[in-house]
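Visitor: no letters, just coordinates:
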């Protein structure tokens with residue numbers, strides 16, 4: 001067996017041991033734990049508020065847009081921090097590339113602003 005395959009075999013063995021250990025511990029926990037279901041335990045829980053009405057209520061689409069915009073600008077921060085840490089390495093080319101990246105994101109923010117999607121109603 002080649003060294004290449006041996007390294008993958010080692011990873012596969014560790015993965016199998018990890019999956020087996022998790023399965024064994026979950027199984028032991030299922031056997032040991034007490035199970036006494038009551039109607040109060042199986043009732044839906046909504047952050048301490050008793051659920052009322054139909055569970056199929058519609059939510060305003062703006063909440064989803066806010067969530068997507070948050071994710072968009074959160075990802076932007078993930079790209080900007082490593083760039084800022086290595087700014088001297090990237091020099092002018094990196095500065096221009098990041099300026100283009102931020103400009104495209106600002107265009108998206110401007111679009112959302114012009115469509116009045118940033119108003120919390």
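Guide: Noted; the coordinates are in hand. Note that this is a predicted model, so its numbers are computed, not measured.
Visitor: distance of the residue minimising distance to the centre of the chain relative to residue 78?
Guide: In the chain, the centroid-proximal residue (Cα atoms, centre = their mean) is residue 71; its distance is 8.7 Å. Residue 71 sits at a distance of 10 Å from residue 78 (criterion: Cβ to Cβ, to the nearest Å). C-betas here are computed from N, CA, C, even on glycine.
Visitor: show me what the helix or strand hosting residue 104 is packed up against.
Guide: Using DSSP states H and E, residue 104 sits within helix 87-114. Contacts defined by 3 or more Cβ pairs under 8 Å, 6 or more residues apart in numbering; DSSP states H and E place helix 87-114 against helix 61-85.
Visitor: got the contact list for stretch 3-15?
Guide: residue 1 (Cβ atoms under 8 Å, 6 or more residues apart in numbering).
Visitor: quick one: mean pLDDT over it.
Guide: Here stretch 3-15 scores 91 as its mean pLDDT.
Visitor: quick revisit: what angle do the helix holding residue 104 and helix 61-85 make?
Guide: Orientation check (axes from the mean of the first three to the mean of the last three Cα atoms, to 10 degrees): helix 87-114 against helix 61-85 gives 160 degrees.
Visitor: any weak-confidence spans in this structure?
Guide: 46, 48-49, 51, 53, 55, 121 (pLDDT under 70).
Visitor: longest single helix anywhere in it?
Guide: Secondary structure of the chain per DSSP state H: the longest helix is helix 3-32.
Visitor: show the contacting residues for the residue nearest to the centre of the chain.
Guide: No contacts exist for residue 71 under Cβ under 8 Å, 6+ apart.
Visitor: quick one: it from residue 59, how far?
Guide: 17 Å.
Visitor: how about residue 68?
Guide: Distance, residue 68 to residue 59, using Cβ to Cβ: 14 Å.
Visitor: name the residue in these two with the higher neighbour count.
Guide: residue 68 (12 against 7; other Cβ atoms under 10 Å).
Visitor: how about the contacts made by that one?
Guide: By Cβ under 8 Å, 6+ apart, residue 68 has no neighbours at all.
Visitor: how does it look with 10 Å?
Guide: 112, 117 (Cβ atoms under 10 Å, 6 or more residues apart in numbering).
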